[in-house]
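J.: Mind folding the following:
(chains A and B)
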Amino acid sequence: MNVLAPIWELSALDSDLLKRQGGPYYPALQQDLDRLVGIGVARVLDPSHIKDEMGRWRLDGSYKLNTEFSKPIMECLKYFPEEQRLVEFACELALALSSLSDNEFDDAMTEDITYSTPLVTNGNRLDFSRTEFKNLSYLATKEIEQRMSALVTMSPGEKVHSYIRYLHMRLESA
Amino acid sequence: MVSFPILKNVIIEGYGMYPGTTDQPGLTFEFKPGLSLILGANGIGKTTFISILFRSLTGPYELPTATLTGDLGSARIQAIRMPSYARSVFANRVMNGASDAVVTLTFMLNDTSVVISRSLHDLSLRQVIIDGLITHLAEEDLQAEICRLAGVWSFGDWILLLRHMIFYFEDRRALVWDQSAQRQILRILFMQPDMSEVWIKKEREVLELDSRMRNLQSAVSREERALASEVAKSEGAKDIRAELETIEKLLTSDSADRETLQYDLVGIEAARQDRRLSYLQKEQERESAFREFENAKLIAIASRFPSRSDTARYILAQLMTDNTCLVCGSEVPGVVEELTQRIEDSLCVVCASDISESEILAESSELADKRVQVSLRQLNDCDVAQESAANALKEIESAFSQHVLTIQELNTSIAKKSARLAELVKLLPPEESKLHRKQAETAALRSSVESQRQMLQELRTSFRSFIEIRNKEIADKASDVVASFHSFARGFLLEDCTLSWAPRKSRLGETGESFDFPFFELDLSGSDFNSTVRRTGPEQVSESQREFIDLSFRMALTSTAGAHGFTSLLIDAPESSLDAVFVVRAASVLAKFARATVENRLVVTSNLVEGQLLPLLLKTAESDNHNFERLLNLFDIAEPTEAIRQLHDEYQERIESLLASLGDNS
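T.: Okay, the predicted model is just below:
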């Protein structure tokens, strides 16, 4: 979401991230998610604890919203233009990612061109807040848009979908 | 520190307006600490009484423009002897010209007792007693002694203090908004007399040289025009003469334009400062409204989250169905009952922690949505206000830049034309020696103007450094003045009213850049504003607000700057601008001021009016006993007007009713 947020003219949610071999992991986001499960807004499927490549433990599982409690919240968010855009973006991204197979989905995070940049090695910080930071993922969507401009004007949703399809092709050719 | 006069008593003898009673002729009144009330009716002599007190303290001297509007510059605060007609102001009100009338005022000044007797015929000095010793001081010596005791530099400053801080005349300047008067008062109050003297001297040096330089410049221009005219009349070099004439005309026009633009620039700069401040305030308000909206939004979203009990019932449903544990399949009715009880007791269904206090939001989503709507409306209003302030600022910035640019262009143009003028005169035929001589003389004069301009610039630079330091010294006291003002204004006004230390640009002389002089500005909330707005003139507030604000400002300054915090304050007819409700507030604040120190003297004159003001003031004045020793009833002492003569019984009835009501209330 951080790297593709500019497509929706949204700011990155987090200013930086620790780059790990197993893909991006946000402890604070995990804690929020745990609380949402605790109060019944989200449900967790197949929860398990797994060790990452550094031998550190983390929680793994699939999550979905419990509509009984989440629906009023999602409805409320639609009242506010900025939050509405965030919801639309999240839905579009989720929809685009759902086109990937389970294996591709797991690999997509590490193969993202921003995350996989060789300029930042595992164990170091990806700092989205620095002015010199180059959001390669976003630049890639702009490049795709540029190449397609003669044929079609792309909506933000189409840009996200095209980028995920590009990731899919990268994964296939890897 | 300045010492304010503390009035002790006054005796007026032989004056036709105050014949007094058979037992006690004339008017004798003792100003006790606290409030004294001078009661009368139109024409009976209330204002005359206050004026006599004032003139006792000033003698036959006055500031030339004390009561006029316009700049109260340093050159105008010199006390000058009043013309004879003005000295006869009290004499003209009585049949016998007040030939034998004498006023004797006793007051304290910096712990020294001063008694001054003056003739009411011409305000001349009869006697001065200082600390019990009869002196033979002449008027000028008395003035010097008063200045020394009061801690002010000049007698002009003393009169200014009396007019702006002690006496509350109808024709007074509203100090909060009067930039020039406030500057002088702040100087007098917060500078030592020797520093005050340096300040005024430096100011006058700048003004005098500015004036001299402008006069000389004007003379040079005249000479240059005459020279051009003579050149035009001469026979030879027609082309040169034609060009000389054209350039001269253009130069005159450019110089006039530059002067007008420079004058306008000061006004534009002041407006620019105001609009900048206004924009910053609007920006701040918008930020606050935005954060409020954000908070309301979060509360609205949070109100959609399941409540603790909703969550608990959901979790319970995940663990138990009927009386069966869904984890192990056992029949455990007791556990279901226990878990249900936990929910009812506001305990966590899983760990039994008390969660009654930790319920995030008890607010309903409907209420939260209303809050969102209200805060969104406020945010939209703030957006509009900020945009409007931004446009206003942009407009004035553009005007300012354009003005500065035009002045720069004119400067360049004038310099080029002057140089060309000099070149052309040199090109004139050699036989026109008279013209050459004149040209040399004019050039010398021009050089003298430039030299004076240079000197003036140096004086200005020196004065700028001087005034910057003085500003800092006064700014050190600013927070005390602001706090004191707030404490008085809060009693008077229901609106948010704050004073800010905000030095203002003002010009000294007709040329050159402006200086930042000490100044307090006023911000006041209003019915059409969410927050306080700067009020730069008395016309931007209501009449009663104006009175309250002016009075609060004086009270704040006297409390902060007085040597002991003691002062006298004499207010003539405050009831005229008050409505029935505000009378109560005014009386309460006046009482607060009267009792603020053990020595404050507050003298209030009032007509015999209906309403609460008189009973409340009387009650304040006579808090200890009911012998009315703080009441000066002019109906008993003064010569009655025709109206009072004819309606005597009616007046008497109302006075008795007023005094009786005081007894009833106590």
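
J.: Which residues of chain A lie near chain B?
T.: A:38-41, A:66, A:68-69, A:72-73, A:75-77, A:79-80, A:83 (C-beta under 8 Å from any C-beta of the partner chain). The C-beta positions use only the backbone N, C-alpha and C, and glycine is treated the same way.

J.: if you set the cut-off to 10 Å instead, what comes out?
T.: Counting by C-beta under 10 Å from any C-beta of the partner chain, chain A comes close to chain B at A:36, A:38-41, A:43, A:66, A:68-77, A:79-80, A:82-83.

J.: which residues sit in contact with the nearest residue to B:Lys202 once chain neighbours are set aside?
T.: Once flanking residues are discounted, B:Lys202 sits nearest to B:Phe463: 4.9 Å by C-beta to C-beta, 6 or more residues apart in numbering or on different chains. Contact analysis of B:Phe463 by C-beta atoms under 10 Å, 6 or more residues apart in numbering or on different chains lists B:199, B:202-203, B:205-206, B:508, B:515.

J.: B:Phe463 belongs to a helix?
T.: Yes: B:Phe463: assigned to a helix according to DSSP: H, G, I helix; E, B strand; the rest coil.

J.: ranges for the helices of chain A?
T.: Under the criterion DSSP state H, chain A contains helices at A:27-38, A:67-77, A:81-97, A:102-111, A:136-148, A:156-173.

J.: Which strands and helices lie in contact with the third one?
T.: Spelled out, it's helix A:81-97. Applying 3 or more C-beta pairs under 10 Å, 6 or more residues apart in numbering or on different chains; DSSP states H and E, one finds that helix A:81-97 contacts helix A:67-77, helix A:102-111, helix A:156-173, helix B:238-302.

J.: quick one: B:Val220 and chain A, what's the gap?
T.: 59 Å (C-beta to the nearest C-beta, to the nearest Å).

J.: wait, doesn't A:Ile39 sit right on B:Ile315?
T.: Yes: counting by C-beta atoms under 10 Å, A:Ile39 does reach B:Ile315; the two are 8.8 Å apart.

J.: Any quick PyMOL command for the buried ones out of the residues of chain A next to chain B?
T.: In PyMOL syntax, the buried subset of the residues of chain A next to chain B is picked out as below (16 or more other C-beta atoms under 10 Å in any protein chain shown):
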select buried, chain A and resi 36+39+40+41+43+66+69+70+72+73+76+77+80
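
J.: what pLDDT, on average, does stretch B:343-359 get?
T.: Averaged across stretch B:343-359, the pLDDT comes to 80.

J.: If I look at residue 25, what pLDDT would I see?
T.: Went with chain A since none was named. Value for A:Tyr25, per-residue pLDDT: 77.

J.: not what I meant, chain B
T.: Looking at B:Pro25, its pLDDT is 93.

J.: Nearest spatial neighbour of it, chain-adjacent residues omitted?
T.: Per C-beta to C-beta, 6+ apart, closest to B:Pro25 is B:Pro19, 6.8 Å.

J.: Need phi/psi at the spatially most distant residue from the centre of chain A.
T.: No residue in chain A sits farther from the centre than A:Ala150, which is 28.8 Å out by C-alpha atoms, centre = their mean. The phi and psi values for A:Ala150, taken as degrees, to the nearest 10, are phi -70, psi -30.

J.: And for B:Lys8?
T.: Per degrees, to the nearest 10, the backbone of B:Lys8 is at phi -110, psi -60.

J.: Quick check: the gap between the closest residue to it other than its chain neighbours and B:Glu656.
T.: Closest residue to B:Lys8 apart from its sequence neighbours, by C-beta to C-beta, 6+ apart: B:Thr106 at 4.3 Å. Distance of B:Thr106 to B:Glu656, given as C-beta to C-beta, to the nearest Å: 32 Å.

J.: between these two, who's got more neighbours?
T.: B:Thr106 (19 against 10; other C-beta atoms under 10 Å in any protein chain shown).

J.: what kind of secondary structure is the more buried one in?
T.: Going by three-state DSSP: B:Thr106 is strand.

J.: partners of it in the sheet?
T.: B:Asn9, B:Val115 (DSSP bridges).

J.: so what's the residue sitting nearest the centre point of chain B up against?
T.: The residue lying closest to the centre of chain B (C-alpha atoms, centre = their mean) is B:Val176, at 1.0 Å. Contact analysis of B:Val176 by C-beta under 10 Å, 6+ apart lists B:182, B:485, B:499, B:519-522, B:535-538, B:541, B:546, B:549-550, B:552-554.

J.: Pull out the buried residues from the residues you listed.
T.: Neighbour counting with 16+ other C-beta under 10 Å marks B:182, B:485, B:499, B:519-522, B:535-536, B:538, B:541, B:546, B:549-550, B:552-554 as buried within these.

J.: Which ones among those lie within strands?
T.: Using DSSP state E, the members of the buried ones among the contacts of B:Val176 that fall in strands are B:499, B:520-522.

J.: now, which of the residues you listed sits nearest chain A?
T.: B:Glu521 (37.9 Å; C-beta to the nearest C-beta).

J.: how much space is there between the closest one and B:Arg534?
T.: 6 Å.

J.: Find residues that contact each of these two.
T.: With C-beta under 10 Å, 6+ apart, B:Glu521 and B:Arg534 have common neighbours B:274, B:277, B:500, B:502.

J.: Roughly how far does the first one sit from B:Glu397?
T.: Meaning B:Asp274. 13 Å.

J.: What of the second one?
T.: Using C-beta to C-beta, one obtains 14 Å as the distance from B:Leu277 to B:Glu397.

J.: okay, these two: which has more neighbours?
T.: B:Leu277 (17 against 14).
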